[in-house]
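**Student:** A structural model of the following input is requested.
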Amino acid sequence: MDRALLPERISPGMEERSPLRWVMLPGLCCQAAGGDPEWADDLSSAWFLFYSAAHLMDSIEDRDDPHPWWAEIGPGAAINVASGLYFSASLAINSLNQKLTTPETTTEVTDEFYRTMLAMCAGQQRDLDNPTPELAQYWQIAAEKSGLFFALACRSGARLATQDSSRINGFNQFGHHLGVLIQVLDDLEEWQDSEEKPNLNIRDNISRTLPVIYALEVMPPTDSFRLREILQEQEGDERLSKEFRDLVEGCGAPVYMMTEIEHHTNLAKIGLEHAAPLHPAGKNLVTLLDDLVTKT
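**Tutor:** Residues are numbered from 1 along each chain as shown. Next up is the predicted model:
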């Protein structure tokens, strides 16, 4: 694979995918749908707290390297913190009852939050049940986790300002494809980071990312067998890492990833067009999306 086909490094764009950046989504979508962004303050707080709790639980369940703050106190204490974040999020979402004058809106948005979290739990279980997912399973998991959660932020924010189901569905589509896009870009960055770590443990670091999953799906049986052999190695070295990367890149995985990035970007923009967002919030949503993908 021609290295020129690979995107530029995207680490400078990490801030574009930070949850602190995306916490503005409910307010922006509320404003874009014709409401006051302050109506979504409690919604945004709840969404961010749920995000933080889910991210922490996901790290523990996937046995990722612990963050420094809980490396010493252990996963038990981290789970306890995650539980506290969940309950704090529940208190924040329940505060909508005191802010909104339309009871059915509060009930609908609150119900949507809890139902989405349950659906995300199902997605996480699917992730745990498939340690070596196939390509179709990867996309399903990405949709059930990141896609669902970002769709919730956008749909719920818009629902505070409008009952127009067509516009709400447009914001939902924008959020869904934004969430899936963030997952793909995270995988891309992890793949790029592996270039700087020739002695990495391949199996534990990038074996579940999209380029590897795609490669195993499309490469010839002999190459697939060799790639799986390398994935079974307990310790990586520079020679194995180079062979690993050559196999994955040789089957067109980088081109596939860039195609999918463009695909989900376009679908997100189409959703936003259907939502008919008001200025300036609509322009700000487009800018958030463009800033995300221009780092690739």
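
**Student:** Report the residue spans of the stretch 101-250 of the chain with pLDDT below the cut-off.
**Tutor:** 101, 195-205, 234-236 (pLDDT under 70).

**Student:** neighbours of residue 89, just the number please.
**Tutor:** 22 (other C-beta atoms under 10 Å). Every C-beta, even on glycine, is put in place using the N, C-alpha and C of the backbone.

**Student:** For the residue lying closest to it once chain neighbours are set aside, identify the helix or strand it belongs to.
**Tutor:** The shortest distance from residue 89 to any non-neighbouring residue, by C-beta to C-beta, 6 or more residues apart in numbering, is to residue 49 (3.6 Å). Secondary structure from DSSP states H and E places residue 49 in helix 41-61.

**Student:** roughly how far is that helix from the heart of the chain?
**Tutor:** Using C-alpha atoms, centre = their mean, to the nearest Å, the mean C-alpha position of helix 41-61 is found 12 Å from that of the whole chain.

**Student:** So which residues make contact with it?
**Tutor:** Here helix 41-61 makes contact (C-beta atoms under 8 Å, 6 or more residues apart in numbering) with 19-20, 22-27, 30, 66-67, 75, 78-79, 81-83, 85-86, 88-90, 92-93, 95-96, 99, 109, 113, 117, 120, 124, 128, 149, 152-153, 156-157, 160.

**Student:** go again using 7 Å as the cut-off
**Tutor:** 19, 23, 26-27, 75, 78-79, 81-82, 85-86, 88-89, 92-93, 95-96, 99, 109, 113, 117, 120, 124, 128, 149, 153, 156-157, 160 (C-beta atoms under 7 Å, 6 or more residues apart in numbering).

**Student:** now stretch 152-162
**Tutor:** Residues contacting stretch 152-162 (C-beta under 7 Å, 6+ apart): 25-27, 29-30, 33-35, 39-40, 43, 47, 105, 108-109, 112-113, 116, 167-168, 171-172, 174-175, 275.

**Student:** and it, which residues are buried?
**Tutor:** Residues 152, 153, 154, 155, 156, 157, 158, 159, 160, 161, 162 are the ones in stretch 152-162 that count as buried (16 or more other C-beta atoms under 10 Å).

**Student:** next one: stretch 82-98
**Tutor:** 82, 85, 86, 88, 89, 90, 92, 93, 95, 96.

**Student:** And stretch 276-284, by the same measure?
**Tutor:** 276, 277, 281, 282.

**Student:** Can you give me the distance of the third one to residue 167?
**Tutor:** Distance from residue 281 to residue 167, counting by C-beta to C-beta, to the nearest Å: 13 Å.

**Student:** Out of the buried residues of stretch 82-98, which is nearest to residue 241?
**Tutor:** residue 82 (33.7 Å; C-beta to C-beta).

**Student:** show me the contacts for that closest one.
**Tutor:** 53, 56, 57.

**Student:** Repeat that for residue 39.
**Tutor:** By C-beta under 7 Å, 6+ apart, the contact list for residue 39 reads 30, 160.

**Student:** what about it, distance to residue 136?
**Tutor:** 39 Å.

**Student:** give me the number of residues near residue 233?
**Tutor:** Residue crowding around residue 233 was assessed by other C-beta under 10 Å; the count is 14.

**Student:** For stretch 273-287, measure first residue to last.
**Tutor:** 14 Å (C-alpha to C-alpha, to the nearest Å).

**Student:** Identify, by residue count, the longest helix of this structure.
**Tutor:** helix 165-193 (DSSP state H).

**Student:** Next, the buried residues of it.
**Tutor:** Neighbour-count burial for helix 165-193, counted by 16+ other C-beta under 10 Å, picks out 167-189, 191-192.

**Student:** hmm, back to that, quickly note the distance from the residue nearest to residue 89 to residue 67.
**Tutor:** Applying C-beta to C-beta to residue 49 and residue 67 gives a distance of 17 Å.

**Student:** Give me the neighbour count for residue 238.
**Tutor:** 10.

**Student:** swap in residue 75?
**Tutor:** Neighbour count for residue 75, taken as other C-beta under 10 Å: 17.

**Student:** wait, what's in contact with it?
**Tutor:** So, once contact is read as C-beta under 7 Å, 6+ apart, residue 75 ends up touching residue 60.

**Student:** Perfect, I'm done here.
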